[in-house]
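Chemist: just the structure for this:
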Amino acid sequence: MTRWILTAEADKIQHFVFRSSRLREVVGGSQLLTDFCDEVTRAIPPADCIVADGGAFTLLFDDPTRAADFGRALAQQYYEMTNCTLTVAHLTDWSGEPEDFSDANRRAHLSLVSAKRQGRAAAGVGQGPYVAFCASCGVGLATTHHPLVEGESAQYVCDVCLRKAEKRGGEGSRFLREFKQAVVGDRFNCFNLPVEPEKLTGKWEARNYVAYLIADGNGMGKVFRQCKDPGQLHELSTGLEDVVRQSLAAPTRKLMGQAPRGSDQNLIPVLPLILGGDDVFVLLPAAYALDFARQFCLEYETRMAALLKRIGLSDMRATMSAAVVICKSKYPHTLVHKHGERLLQEAKRLSKAVAVREKERPGDKAVGSNKEQESDHNYSSVHFDVILGSRLPRETGETQRYQNTLAPYWVFSPDSAPEFPQNIGLPLDRLLAQRLALAKQQIPNRRMIQLRALYDPSRLPDKTAEALGLWSAELARIKARMARNEKDVETLEQTLKQLGGDRDGYWLPMNRPGTTTETIFEGHGLPDLIQMWDFSWYLDENRGVYTAQEEA
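Modeler: Below is the predicted model:
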């Protein structure tokens, strides 16, 4: 019997979520989206609701007329709830035979892509002689004069922002409740989440820095297209949601164990802002941001491998790309996310390009692999940056011969380290390990300041041997000033070699694949370490090791 596949997807979800001015409304937007997906699942028989998560829907119908009517009603209801649009693709026919589902699923996906590209015709909006724009989003027309937060003065707000604020007023939504349950189990009512970024400063970070983690799975579209029947696709969709949640919960529990004295011991110091499929945006304390991202990626790889094996897709490999942005707690979250997306896309492009190049490299395979597949060379990666003050740091030119970075860094499981050459990049764990080594040795801060200045873009050598010689001589002078403590010199020497090479100046030649050409330069990881100096603490290490140097 012929069945009909209805695919739909909410448009510009991030615009909807981030157009509010406060994080509490951002979380409320994610809660609204989760509740909308839950309403759809209740309206469709469980066997016919294949995907309904993160604003994406794949539904089965026996009657094409009912399917078309449901699609129109779905888009209308979404508009009424969010004042945003939802794209509904043309129906895709499926014979009902399991062996034909993979092809039908692929055609349904292409139909949705085509519908989203076509867009919609321009339409008029309601107007009046006297209007007020929403004080929160600045986009919608205000419909009421009401306080967004209890105890604050009333403001002109639109219906959508008011719904977001009301939704964030409690934590009964599945969006936050299930995350808290994943972290602390049935005791979730005894714990609370940070309402504002300032909750993660003070005892956690005296200088008012916080961290945002932006992450997205690598090649998940390809994995979804490999599903051979509706049951497999449904299990992958629902399982992915739980995998991401549990992968965040594992390092969050370790983070709770690092709560400083005098801080709220009932606080779960991670606030999910977006958790839709494999799309992640969370707020967390700055000091542990890099290791949190690393452990999140490793947890995701392990849990996804188990999920794919369970549903019969064990030949696929799922990895994660992530970006960490450090900024002041008052810095606008919309600008953080925009900058984080740029970093994330750079990490994803590199991961994809490396997977393609390493697949084509004869005899170069991941340890323990016995298959020549692209998935064997699919690795997780992490990019990062620090926003200083109220502006983004100046970017260095990509054409420089010598660059003060090796980012993005790779994330490898200890038992599956690849054998590709170092000129593609270094593992993030090596950066964290050198931070710990320097902390234990308590290298004087003034030496780190001198090294930071030496790696400033304005002081980096050009392509001439003379310039490199002058620069290397200055590095040698800094090392000579440390000669009173032989152990300091040995530790720094080890760090320079671990984060670079053995050549003059310890520079590491890089030959990374790009979209069209190879990216050739010489870089070093020490400037990355100095930039992230206060944000590279191991989650499994006593925080006193890192604070001892500051207290000395």
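Chemist: how far away is the nearest residue to residue 195 once chain neighbours are set aside from residue 311?
Modeler: Nearest non-adjacent residue to residue 195, counting by CB to CB, 6 or more residues apart in numbering: residue 24, 6.0 Å away. Using the backbone N, CA and C atoms, a C-beta is placed for each residue, glycine as well. Separation of residue 24 from residue 311 (CB to CB, to the nearest Å) stands at 37 Å.
Chemist: contacts only, for residue 329.
Modeler: Shown in contact with residue 329 (CB atoms under 8 Å, 6 or more residues apart in numbering): 196-198, 200-201, 208-210.
Chemist: low-confidence ranges, the stretch 451-552 of the chain, go.
Modeler: Along the stretch 451-552 of the chain, segments meeting pLDDT under 70 span 514-518, 549-552.
Chemist: if we use 90, what do you get?
Modeler: 457-458, 460-468, 479, 481-486, 488, 501-505, 509-522, 542-552 (pLDDT under 90).
Chemist: on that earlier part again, contacting residues for the residue nearest to residue 195?
Modeler: Residue 24 neighbours (CB under 8 Å, 6+ apart): 149, 165, 168, 195-196.
Chemist: highest neighbour count among the residues you listed?
Modeler: Among these, the one with the most neighbours (other CB atoms under 10 Å) is residue 168, at 26 neighbours.
Chemist: domain map for the protein?
Modeler: Split into domains by automatic domain parsing, the chain comes to 3-118, 194-416, 434-551.
Chemist: out of these, which comes closest to residue 156?
Modeler: Smallest distance to residue 156 across the domains of the chain (CB to CB): 13.2 Å, for domain 3-118.
Chemist: avg pLDDT for that closest one?
Modeler: The pLDDT scores in domain 3-118 average 89.
Chemist: likewise for stretch 258-277?
Modeler: The pLDDT scores in stretch 258-277 average 91.
Chemist: specify the beta-bridge partners of the residue nearest the centre of the chain.
Modeler: Closest to where the C-alpha atoms of the chain average out (CA atoms, centre = their mean) is residue 215, at 1.7 Å. On the basis of DSSP bridges, residue 215 is bridged to residue 280, residue 322.
Chemist: who's in contact with it?
Modeler: Counted by CB under 8 Å, 6+ apart, residue 215 has contacts 278-281, 293, 296-297, 320-323, 344.
Chemist: could you measure it against residue 106, distance?
Modeler: Distance from residue 215 to residue 106, by CB to CB: 26 Å.
Chemist: next one: residue 411
Modeler: Distance, residue 411 to residue 106, by CB to CB: 30 Å.
Chemist: same deal with residue 59?
Modeler: 17 Å.
Chemist: compare the two (neighbour count), which wins?
Modeler: A side-by-side neighbour count of residue 59 and residue 106, using other CB under 10 Å, places residue 59 first with 23 against 15.
Chemist: which two among the contacts of residue 24 are spaced furthest apart?
Modeler: Going by CB to CB, the pair spanning the contacts of residue 24 furthest: 165 and 196, at 13.5 Å.
Chemist: circling back to that earlier point, which of the contacts of residue 24 has the weakest pLDDT?
Modeler: The member of the contacts of residue 24 with the lowest pLDDT is residue 168, at 67.
Chemist: is it fair to say residue 287 lies in a strand?
Modeler: No - looking at residue 287 with DSSP: H, G, I helix; E, B strand; the rest coil, it is coil, so not inside a strand.
Chemist: what sits against the closest residue to it other than its chain neighbours?
Modeler: Excluding the flanking residues, the one nearest residue 287 by CB to CB, 6+ apart is residue 537, at 4.8 Å. Residues near residue 537 by CB under 8 Å, 6+ apart: 287-288, 291, 435, 543, 546.
Chemist: ranges for the strands of the stretch 301-450 of the chain?
Modeler: Secondary structure of the stretch 301-450 of the chain (DSSP state E, counting those that start in this stretch): strands at 319-328, 380-386, 402-403, 409-411.
Chemist: returning to that earlier point: now secondary structure and distance to residue 239 too, for the contacts of residue 24, in CSV please.
Modeler: Shown next, in CSV, are the contacts of residue 24 (DSSP: H, G, I helix; E, B strand; the rest coil; distance: CB to CB, whole Å):
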residue, secondary structure, distance to residue 239
149, coil, 37
165, helix, 32
168, helix, 28
195, coil, 31
196, coil, 33
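Chemist: which stretches of the stretch 51-200 of the chain form helices?
Modeler: All helices of the stretch 51-200 of the chain, identified by DSSP state H, counting those that start in this stretch, fall at 64-82, 98-118, 159-168, 174-184.
Chemist: actually, the stretch 451-552 of the chain.
Modeler: Under DSSP H, counting those that start in this stretch, the stretch 451-552 of the chain gives helices at 465-480, 486-498, 526-531, 544-551.
Chemist: tell me the secondary structure at the nearest residue to residue 265 once chain neighbours are set aside.
Modeler: Spatial nearest neighbour of residue 265, excluding adjacent residues (CB to CB, 6+ apart): residue 259 at 5.9 Å. For residue 259, the assignment made with three-state DSSP gives coil.
Chemist: number of nearby residues for residue 259?
Modeler: With other CB under 10 Å as criterion, residue 259 counts 17.
Chemist: circling back to that earlier point, can you check which of the helices of the stretch 451-552 of the chain gets nearest to residue 5?
Modeler: helix 526-531 (46.4 Å).
Chemist: buried residues in the closest one?
Modeler: 526-531 (16 or more other CB atoms under 10 Å).
Chemist: how about stretch 446-460?
Modeler: Applying 16+ other CB under 10 Å to stretch 446-460 flags 447-448, 450-451, 454-455, 460 as buried.
Chemist: deepest-packed of the helices of the stretch 451-552 of the chain, please.
Modeler: helix 526-531 (a mean of 22; mean count of other CB atoms under 10 Å).
Chemist: alpha carbons only: can I get that helix in PDB?
Modeler: Taking Å, rounded to 0.1, in the frame of the first residue of the first chain, the C-alpha atoms of helix 526-531 are listed here in PDB:
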ATOM      1  CA  LEU A 526      52.100  28.100  22.800                       C
ATOM      2  CA  PRO A 527      50.200  31.300  21.800                       C
ATOM      3  CA  ASP A 528      46.900  29.300  21.900                       C
ATOM      4  CA  LEU A 529      47.800  28.100  25.300                       C
ATOM      5  CA  ILE A 530      48.700  31.500  26.600                       C
ATOM      6  CA  GLN A 531      45.500  32.900  25.100                       C
END
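Chemist: still on that earlier bit, can you put the helices of the stretch 51-200 of the chain in a markdown table and add distance to residue 472?
Modeler: Shown next, in a markdown table, are the helices of the stretch 51-200 of the chain (distance: least, CB to CB, whole Å):
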| stretch | distance to residue 472 |
| --- | --- |
| helix 64-82 | 58 |
| helix 98-118 | 52 |
| helix 159-168 | 55 |
| helix 174-184 | 49 |
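Chemist: most tightly surrounded among those?
Modeler: helix 159-168 (a mean of 23).
Chemist: in PDB, list the C-alpha atoms belonging to that helix.
Modeler: Output of helix 159-168 as PDB, limited to C-alpha atoms (Å, rounded to 0.1, in the frame of the first residue of the first chain):
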ATOM      1  CA  ASP A 159       3.100  37.800  22.400                       C
ATOM      2  CA  VAL A 160       6.100  35.600  21.400                       C
ATOM      3  CA  CYS A 161       8.500  37.100  23.900                       C
ATOM      4  CA  LEU A 162       5.800  37.000  26.600                       C
ATOM      5  CA  ARG A 163       5.400  33.300  25.900                       C
ATOM      6  CA  LYS A 164       9.100  32.800  26.100                       C
ATOM      7  CA  ALA A 165       9.300  34.600  29.500                       C
ATOM      8  CA  GLU A 166       6.400  32.700  30.900                       C
ATOM      9  CA  LYS A 167       7.800  29.400  29.700                       C
ATOM     10  CA  ARG A 168      11.200  30.100  31.300                       C
END
